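[1] sequence and computational prediction follow.
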Amino acid sequence: MQVQVSRMMAAVGAATGVTAMGVGVTTDRLGLAVAGSALLIVSAMTICVLVVLQALRDTAAERAALIEERDLAIAAQVGIASERERLRDDLARGRKAAQDLLARERAAMFQALEEKRFAIQSEGVETGILLALSGSLDEMPASTGVLLQLPVRQPFDGAVLVASDD
């Protein structure tokens, strides 16, 4: 409100200065013309100073708003960084848990494989002992297989084969 009143007073002073200067020039009263000019210049300078002050106040308000926004942005960045760190920790814990689970499952599979291999070996040894005790391994049966004689391939002389009607 104070700035508005000051601007209004400066505008009234400028108008008075213009009027006084006009009256002084038209009536050949040099003192009145100079006083009007001085009043106009002072009023114009007052208006300029008020405009500059208003701009500075606006700049200060904008600066305060920017500082507040900067503080909010910094707080948001800190929040994002802490959330990112929490997610990294969660991923690392999840990766470690998955690796531990995989190691336990792999150990269980190898244990089951070893047990199965041992069972197969035991069964093979037991079968071998039973065959040896029954005497089946003492004599090998003679092979009585039939040997097939394959025809010998004749060399190809390059002659053209002729189909017959037989």
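    Great, that's in hand.

[2] tell me where the chain has helices.
    For the chain, helices defined by DSSP state H occupy the ranges 2-26, 30-134.

[3] R104 and V12, how far apart?
    Distance of R104 to V12, given as CB to CB, to the nearest Å: 92 Å. All C-beta atoms are positioned from the backbone trio N, CA, C, and that covers glycine.

[4] highest mean neighbour count out of the helices of the chain?
    Mean neighbours per residue, mean count of other CB atoms under 10 Å, is largest over these for helix 2-26, with a mean of 14.

[5] what does it contact?
    29-44, 46-47, 50, 53-54 (CB atoms under 8 Å, 6 or more residues apart in numbering).

[6] related to what we said a few turns ago, Q154: which of the helices of the chain is closest?
    Q154 sits nearest to helix 30-134 of all the helices of the chain, at 49.2 Å, using CB to CB.

[7] other SSEs contacting the closest one?
    Applying 3 or more CB pairs under 8 Å, 6 or more residues apart in numbering; DSSP states H and E, we find helix 30-134 packed against helix 2-26.

[8] got the angle for the helix it packs on vs helix 30-134?
    With axes from the mean of the first three to the mean of the last three CA atoms, to 10 degrees defining the directions, helix 2-26 sits at 150 degrees from helix 30-134.

[9] ok now the helix or strand of the chain with the lowest mean pLDDT, how far from the chain's centre?
    For the chain, using mean pLDDT, DSSP states H and E, the weakest element among its helices and strands is helix 2-26, scoring a mean of 81. In terms of CA atoms, centre = their mean, to the nearest Å, the centre of helix 2-26 is found 64 Å from the chain centre.

[10] stretch 52-61 now?
    Distance, centroid of stretch 52-61 to centroid of chain: 40 Å (CA atoms, centre = their mean).

[11] same question for stretch 53-64.
    With CA atoms, centre = their mean, you get 38 Å for stretch 53-64.
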